[in-house]
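Student: what follows is a predicted structure for the sequence shown.
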Amino acid sequence: MFIGLDLGTSGLRALLVDEAGRAVGEADSSYDVAHPTVGWSEQDPSDWTMACKAVMARLRDTHPKAFGAVRGIGISGHMHGATLLDDTGTVLRPCILWNDTRSHLEAAALDAMPMFRALTGNIVFPGFTAPKINWVAKHEPEVFAKTAMVLLPKDYISFWLTGIYSADMSDSAGTSWLDVGARDWSNDLLAATGLTRSQMPKLSEGSQVVGELRQAIAEEYGLPRGVQVVAGGGDNAVAACGVGAMSEGTGFVSLGTSGVLLAGRDGFSPMADSAVHTFCHAVPDQWYQMGVVLAATDSLNWLARITGKSPADLTAELGDTLRSPTTVQFYPYLSGERTPHNDSAVRAGFVGLDVATDRAEMTQAVLQGVSFALRDSLEALRLTGANLDTILAIGGGARSSYWVEMLATVLNLKIELPEQGDFGAALGAARLAICGVTGAAVEDVMTKPPVAKTIVPNAAMVDSYRLRYDQFHDNFPAWKTIQ
């Protein structure tokens, strides 16, 4: 048996699977995000370990026999977080999360240094880890002076489980310290933020074993001796492992808190100016590229909060038949935007509201705006040479058949919906554990799930949605000037 842990922004999910990757049990535990001031987003790493204890105990209690046969644990986690430890392994301050934008000035300063884009293949975004360290050095010098180790969020869980400082390539590619083509830390990039290799964890591929589960944890939860912990990976790379998006021509769209359009790549083909992320995959000798929309289902959740309706209620008002595109435009930049704009200051809003606009039309505009933002990402991916004609849809938003049909029509791509089951990052993490512990080949384990349904673009509306997208895209510069 194997466990996949998925450290999300709002909670930790654990999936217990057998050697064939079939789910046996699951457990989850939630925690909060702190927003001390505008643009800040933090978490206490102790919340992650408490959640890990809770899901382990739940799996032990509900599936004692299977839990007692666990051989390996894999970990997925939200990327870019800065978790700072002193020389005793004690956390120095709350982790600064991926959606924290306080370090936009530091990011711009690093991005202005040509070696960052040259070596990482990416823009230095405010959400990445390196500029956060520069922010800490400037605003919390006493914390920076004590920093002996910098860990990404899921690597803090790995440290808690094993006592070993480790990191994988896919997560580390989002720090702005990794030479992404060479798959190694760059001494020059580290030096630019006042750090050295001694403050970085040891690098491994995502399917490599980093160490054994600490005996105290094994004894507390009734796990056997010798449980192996593998390096795991960043959430999107590991989600790709869960759905088999590993190589050229494969990809998925994730409609979660953020929106992601990901394409597997067989080589390193960066185009930093496009604001596409080019990262190492969680398995050796593979890379992936993705466009990121910072507020996907978050946009619908925001509308739900201010209208007093649930997201499901809002989408139900649209009916089952795809509507023509509304003339009301929604720019979904509630937290700024990554691809293709790299703008932490731009904000969201409606354009074209009138006295006749009702709640359903505003919902239509929100779904449409997020879909158009993902079309921006698709166009950016195509500039890099990524080729997609069919993608798999995952995430909470994919449960809305209306939204998936709209997205297929906006992207003009076929979208596949997997059969019911666990095909996200928790499964991908378990699959990495299977490969690492048993030596099974990646191509045999990281397979595509059975497809329940394929959604094709609505041929009668492809042109009308394309025209409205063109308006959305072309009017962005004007929208930005009125912020």
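Tutor: It's in. Please read these numbers as outputs of a predicted model, since none were measured by experiment.
Student: could you list the buried residues of stretch 384-392?
Tutor: For stretch 384-392, burial by neighbour count (16 or more other CB atoms under 10 Å) applies to Thr384, Ala386, Leu388, Ile391, Leu392. From N, CA and C alone the C-beta is placed, and that goes for glycine too.
Student: for stretch 395-402, same thing?
Tutor: Neighbour count says stretch 395-402 has Gly395, Gly397, Ala398, Ser400, Tyr402 buried, by 16+ other CB under 10 Å.
Student: residues contacting that stretch, please?
Tutor: 253-256, 259, 296-297, 300, 315, 318-320, 322, 367, 403-404, 417, 424, 455 (CB atoms under 8 Å, 6 or more residues apart in numbering).
Student: quick one on the thing from earlier: rebuild the buried residues of stretch 395-402 as JSON lines, extending it with distance to Trp287.
Tutor: Shown next, in JSON lines, are the buried residues of stretch 395-402 (distance: CB to CB, whole Å):
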{"residue": "Gly395", "distance to Trp287": "22"}
{"residue": "Gly397", "distance to Trp287": "26"}
{"residue": "Ala398", "distance to Trp287": "25"}
{"residue": "Ser400", "distance to Trp287": "31"}
{"residue": "Tyr402", "distance to Trp287": "34"}
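Student: low-confidence ranges, this protein, go.
Tutor: For the chain, applying pLDDT under 70 flags the ranges 421-423.
Student: for it, give the helix that spans the most residues.
Tutor: For the chain, the helix that runs over the most residues, judged by DSSP state H, is helix 359-383.
Student: now the buried members of the contacts of stretch 395-402.
Tutor: Neighbour counting by 16+ other CB under 10 Å classes 253-256, 259, 296-297, 300, 315, 318, 322, 367, 403-404, 417, 424, 455 among the contacts of stretch 395-402 as buried.
Student: restricted to strands, list those.
Tutor: Among these, the members falling in strands are Val253, Ser254, Leu255, Gly259, Leu417, Ile455 (criterion: DSSP state E).
Student: quick check, nearest of these to Pro340?
Tutor: In terms of CB to CB, no member of those lies closer to Pro340 than Gly259, at 13.2 Å.
Student: Val292 versus the closest one, what's the distance?
Tutor: Gly259 sits 7 Å away from Val292, taking CB to CB, to the nearest Å as the criterion.
Student: overlap of the contact sets of the two?
Tutor: Contacts common to Gly259 and Val292, judged by CB under 8 Å, 6+ apart, are Ser377.
Student: that older thread, wait, which of the ones in strands among the buried ones among the contacts of stretch 395-402 is closest to Cys280?
Tutor: When these are ranked by distance to Cys280 (CB to CB), Ser254 comes first, at 18.6 Å.
Student: quick revisit: continuing past the longest helix of the chain, what's the next helix or strand?
Tutor: Next helix or strand after helix 359-383 toward the C-terminus (DSSP states H and E): strand 390-394.
Student: between that next one and helix 359-383, how many degrees?
Tutor: Here the directions of strand 390-394 and helix 359-383 differ by 130 degrees (axes from the mean of the first three to the mean of the last three CA atoms, to 10 degrees).
Student: so how far is strand 390-394 from its chain's centroid?
Tutor: Centroid separation between strand 390-394 and its chain, computed with CA atoms, centre = their mean, to the nearest Å, is 15 Å.
Student: and it, which strands flank it?
Tutor: Strand 390-394 sits in its sheet next to strand 251-255 (parallel), strand 414-418 (parallel), going by DSSP bridges.
Student: for Gln483, grab the count of nearby residues.
Tutor: When neighbours are counted by other CB atoms under 10 Å, Gln483 registers 12.
Student: can we start the residue count at 583 from this point?
Tutor: In the new numbering, first residue 583, that becomes Gln1065.
Student: how near is it to Gln950?
Tutor: Taking CB to CB, one finds Gln1065 at 21 Å from Gln950.
Student: ok so, going back, so which pair among the buried residues of stretch 977-984 is furthest apart in space?
Tutor: Gly977 and Tyr984 (15.0 Å).
Student: what's the first-to-last distance across stretch 915-930?
Tutor: 4 Å (CA to CA, to the nearest Å).
Student: what of stretch 900-919?
Tutor: 27 Å.
Student: pretty sure Phe912 sits in a strand.
Tutor: Yes - counting by DSSP: H, G, I helix; E, B strand; the rest coil, Phe912 is part of a strand.
Student: now do the contacts for it.
Tutor: Here Phe912 is in contact with Ser881, Ala930, Gly931, Phe932, Val933, Met944, Ala947, Val948, Gln950, Gly951 (CB under 8 Å, 6+ apart).
Student: how about those in a markdown table, adding distance to Val718?
Tutor: Compiled in a markdown table, the contacts of Phe912 are given as follows (distance: CB to CB, whole Å):
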| residue | distance to Val718 |
| --- | --- |
| Ser881 | 30 |
| Ala930 | 29 |
| Gly931 | 32 |
| Phe932 | 37 |
| Val933 | 38 |
| Met944 | 40 |
| Ala947 | 39 |
| Val948 | 35 |
| Gln950 | 39 |
| Gly951 | 34 |
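Student: from these, list just the buried residues.
Tutor: Ser881, Ala930, Gly931, Val933, Met944, Ala947, Val948, Gln950, Gly951.
Student: name the nearest of these relative to Ala694.
Tutor: Ala930 (27.6 Å).
Student: would you map the strands across the stretch 783-932 of the chain?
Tutor: 784-786, 791-794, 810-812, 815-816, 833-837, 841-847, 859-862, 869-875, 911-913, 931-933 (DSSP state E, counting those that start in this stretch).
Student: okay, those, which one's buried deepest?
Tutor: Sort the strands of the stretch 783-932 of the chain by mean neighbour count, taking mean count of other CB atoms under 10 Å, and strand 815-816 sits at the top with a mean of 34.
Student: what does that one rub up against?
Tutor: By CB under 8 Å, 6+ apart, strand 815-816 touches 658-661, 734, 736, 750-753, 755-756, 788, 823, 861, 863-864, 1010-1011, 1014.
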